[in-house]
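In: Would you be able to build a 3D model of this:
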Amino acid sequence: MEILQIQGTDERLYPLVGPLVMNPVVLKQNYNFPFRTAENFIWLVAIDEEGKVLGFLPVENKKTECVINNYFVWKEHRDVLRPLLRKAVGAWNIRKPLAAVAFLEDEELFRSFGFKEDKRWTRYVKMKKEIENEDGKEKARRNQ
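Out: Sure, this is the predicted structure:
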């Protein structure tokens, strides 16, 4: 498996995720919320040896934080979410908190990467991972 990092408006993104974000099965798994992208998004796309997309994880770079939202992995490839999340957390060197709107069933995985619950809804949990200083200790929340 390879994980590609693609800018949100890069022409390479659309052939990879376009068929998925238009797929009724994928949309249903996302509770029929549409997928979106823009220049300020980075997409992590996991592909297998044949070039088939196993899942994706978009990260939006906002003013005060970066947000993981509307990610997708095929149910038979649930194990792909861990390396996607590892790449997002490990590669994110922007000095902002990293937030995620995670499915409830993925909450423990996000916790294992240092995310903490911020808000809970019926199907999702918003979680935050604060930036760390040079000593490896979390900085105080900026948004409070």
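
In: From here on, just use CA atoms for contacts and neighbour counts.
Out: OK.

In: Count the neighbours of the closest residue to R95 other than its chain neighbours for me.
Out: Spatial nearest neighbour of R95, chain neighbours left out: I131 (6.4 Å); criterion: C-alpha to C-alpha, 6 or more residues apart in numbering. Using other C-alpha atoms under 10 Å, I131 has 21 other residues around it.

In: I131 touches V89, doesn't it?
Out: No. With contact defined as C-alpha atoms under 8 Å, I131 does not reach V89; the gap is 10.2 Å.

In: Tell me the residues that contact both of the two, please.
Out: Counting by C-alpha atoms under 8 Å, 6 or more residues apart in numbering, the contacts common to I131 and V89 are L98.

In: Send me the helix or strand where V89 lies as PDB with only the CA atoms.
Out: Using DSSP states H and E, V89 sits in helix 81-91. Presented in PDB, the C-alpha positions along helix 81-91 are these (Å, rounded to 0.1, in the frame of the first residue of the first chain):
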ATOM      1  CA  LEU A  81      -7.500   4.100   8.500                       C
ATOM      2  CA  ARG A  82      -4.600   3.700  11.000                       C
ATOM      3  CA  PRO A  83      -1.800   4.400   8.400                       C
ATOM      4  CA  LEU A  84      -3.800   7.300   6.900                       C
ATOM      5  CA  LEU A  85      -4.200   8.800  10.400                       C
ATOM      6  CA  ARG A  86      -0.500   8.100  11.300                       C
ATOM      7  CA  LYS A  87       0.500  10.000   8.100                       C
ATOM      8  CA  ALA A  88      -1.800  12.900   8.900                       C
ATOM      9  CA  VAL A  89      -0.600  13.300  12.400                       C
ATOM     10  CA  GLY A  90       3.100  12.600  11.700                       C
ATOM     11  CA  ALA A  91       3.300  14.900   8.600                       C
END
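
In: Give me the below-cutoff pLDDT ranges for the chain.
Out: 91-94, 132-144 (pLDDT under 70).

In: Tell me which stretches of it form strands.
Out: 2-7, 41-47, 53-61, 66-68, 72-73, 98-103, 116-120, 124-129 (DSSP state E).

In: The third one pairs with which strands, and in what direction?
Out: Using DSSP bridges, the neighbouring strands of strand 53-61 in the sheet come out as strand 41-47 (antiparallel), strand 66-68 (antiparallel), strand 72-73 (antiparallel).
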